[in-house]
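K.L.:
Pasted the sequence and its predicted model underneath.
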Amino acid sequence: MKLTQLALAALLAAACSDPTPSAVSSAAPPPPPKPVYASQWFASPEATVNIHQTAYGPAGMIREAGGEFRPIRAVTLSDGEMLFFVPSLNAGFRAAKGDDGSWTGSWQTHGKTTERIFQPADAPEMSETFVTFDDGRWTQYRCAGAGSPVILLDYGAGASMASWKDVFDPLSQVSRTCMFERAARGLSDPGPLPRHVNHAAADIGAFITAAKIEGPVVLVGHSMASYHIRQFANLHGDQTAGLVLVDPSGDGQGARFEAVIPNIRDLDPNIVDETTVTNCSQGLRRVIASIPSSLTPTDLDPIIGKCGGNDPDGVEATLSEIAAMEVVSTNQIRAAQRPYGDLPLIVLTRGDYENGMPPGITPEIKAGFAKVWTTMHAEMAAQSAIGQARTIPGAGHGIQRDAPQAVIDAITEVVTAARAKAP
């Protein structure tokens, strides 16, 4: 019987059958409506504050009178209390709500306390661009240029969108180019913890959806971000047009380094694990929660130097990504790993193993590091039948900074190859 006849027979059978209770109950229920997350603005003569709800608690930002936006962290908003901390200003605010809906409280920075009153207000003109995920998170991003496939850039641990400053504008002349600040970085809201690779890959998908990016994308990842984009390609091959890995971190690299360089821990004895994440997050939040009964955190507070910053959400997210790499994220990647077929893929490898290395590196350590590094990069390139691994002479780990044209050329080549494959 022809397919059209089979389809017609199935349709007629369904139309003529009795709507039994079992048939009715087997129908898929409609999807639940997306939750609505509240957003509020408050203004004083000195600044305007936004606080909005997400699935992970309240978040927001502050806009100073001069127009600059800054993230606020450790946000609390209840019927009667408002509390938040501004890491970049080293300022905290604790207030009580008045009958007219205003918030009056103590604004404290560097040991100096003043009173501020924030009144309900309309949203100001935005100088930054945001998309909103389905879980209510506001995510800061930037896109420029036109054309497909879209190029999507992701940065390494502890970095930001600014790490792509030397390549972003030239790439926007090649095709539409986008980048976004990951959870709790820049003005982006905190996300779910721990920050393992599956959460990072899910956020890439959420950004593509929220930014209304159509068609497969060319993903570019530096250092640890190679985990994110490779996992996205593993899980969403139909949305991946190509990959460029910029001096990428490799799966289980810590154990591989120790096998070749037994004393590598002596170079950096500070191991980042979940205990580090918890201690830093809780320690910073304890200091912030004491505002204004104690001084706001300063560079003299030992926990800031120990944890690498005074932003509890940003520190927590960065350390959590690093802590998850060796075991959790590596296992997630290995579980999802698949051949990429003829996906355009280029791996760029540093040629300089002294630039940016810790003090005391010996020729033996350098040789062992290079051996592990180039082996991992060859493995990544081999995941595609047409993958390439290229060494960039004179470039350290930040190839996009040391040799930006090499990065631009590789991405342009992958975009060109993706366009040739597109139907």
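P.N.:
Happy to help now that I have it.
K.L.:
Tell me where the model's unsure across the stretch 151-300 of the chain.
P.N.:
Across the stretch 151-300 of the chain, the ranges flagged by pLDDT under 70 are 268-270, 291-300.
K.L.:
in it, which spans are helices?
P.N.:
In the stretch 151-300 of the chain, the segments counted as helices under DSSP state H, counting those that start in this stretch are 168-172, 197-210, 225-235, 253-260, 274-289.
K.L.:
do the stretch 1-150 of the chain as well
P.N.:
Per DSSP H, counting those that start in this stretch, the stretch 1-150 of the chain has helices spanning 3-16, 21-25. These are given in chain order.
K.L.:
Least confident of those, on average?
P.N.:
Of all the helices of the stretch 1-150 of the chain, the minimum mean pLDDT falls on helix 3-16 (a mean of 30).
K.L.:
how about the helices in the stretch 301-423 of the chain?
P.N.:
In the stretch 301-423 of the chain, helices defined by DSSP H, counting those that start in this stretch lie at 302-307, 312-324, 330-336, 363-381, 399-402, 404-421, listed in chain order.
K.L.:
averaging pLDDT over each of those helices, which comes out lowest?
P.N.:
Here the lowest mean pLDDT among the helices of the stretch 301-423 of the chain goes to helix 302-307, at a mean of 86.
K.L.:
Now do that one: which elements does it pack against?
P.N.:
Using 3 or more C-beta pairs under 8 Å, 6 or more residues apart in numbering; DSSP states H and E as the contact criterion, the elements in contact with helix 302-307 are helix 274-289. Backbone N, C-alpha and C define where each C-beta goes, glycine included.
K.L.:
buried set for the helix it packs on?
P.N.:
Residues of helix 274-289 classed as buried: 276, 277, 280, 281, 283, 284, 285, 287, 288 (neighbour count, 16 or more other C-beta atoms under 10 Å).
K.L.:
Could you do stretch 88-108 as well?
P.N.:
89-95, 97, 102-103, 105, 107-108.
K.L.:
swap in stretch 54-66?
P.N.:
54, 56, 58, 59, 60, 61, 62, 63.
K.L.:
what's the answer for stretch 118-136, then?
P.N.:
Quick answer for stretch 118-136 (16+ other C-beta under 10 Å): 118, 130, 131, 132, 133, 135, 136.
K.L.:
For the residues you listed, give me JSON lines that also has distance to residue 324 and pLDDT.
P.N.:
Compiled in JSON lines, these are given as follows (distance: C-beta to C-beta, whole Å; pLDDT from 0 to 100):
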{"residue": "118", "distance to residue 324": "37", "pLDDT": "96"}
{"residue": "130", "distance to residue 324": "26", "pLDDT": "96"}
{"residue": "131", "distance to residue 324": "25", "pLDDT": "97"}
{"residue": "132", "distance to residue 324": "26", "pLDDT": "96"}
{"residue": "133", "distance to residue 324": "20", "pLDDT": "97"}
{"residue": "135", "distance to residue 324": "20", "pLDDT": "97"}
{"residue": "136", "distance to residue 324": "23", "pLDDT": "97"}
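K.L.:
just checking, which of those residues belong to strands?
P.N.:
For the buried residues of stretch 118-136, the ones inside strands are 118, 130, 131, 132, with DSSP state E as the criterion.
K.L.:
Domain ranges for the chain, per the record?
P.N.:
Under the assignment named as automatic domain parsing, the residue ranges that make up the domains of the chain are 39-121, 129-263+318-421.
K.L.:
out of the ones you listed, nearest to residue 33?
P.N.:
Between residue 33 and the domains of the chain, the tightest spacing by C-beta to C-beta is seen for domain 129-263+318-421, at 11.1 Å.
K.L.:
what about that closest one, distance to the chain center?
P.N.:
Offset of domain 129-263+318-421 from its chain centre (C-alpha atoms, centre = their mean, to the nearest Å): 11 Å.
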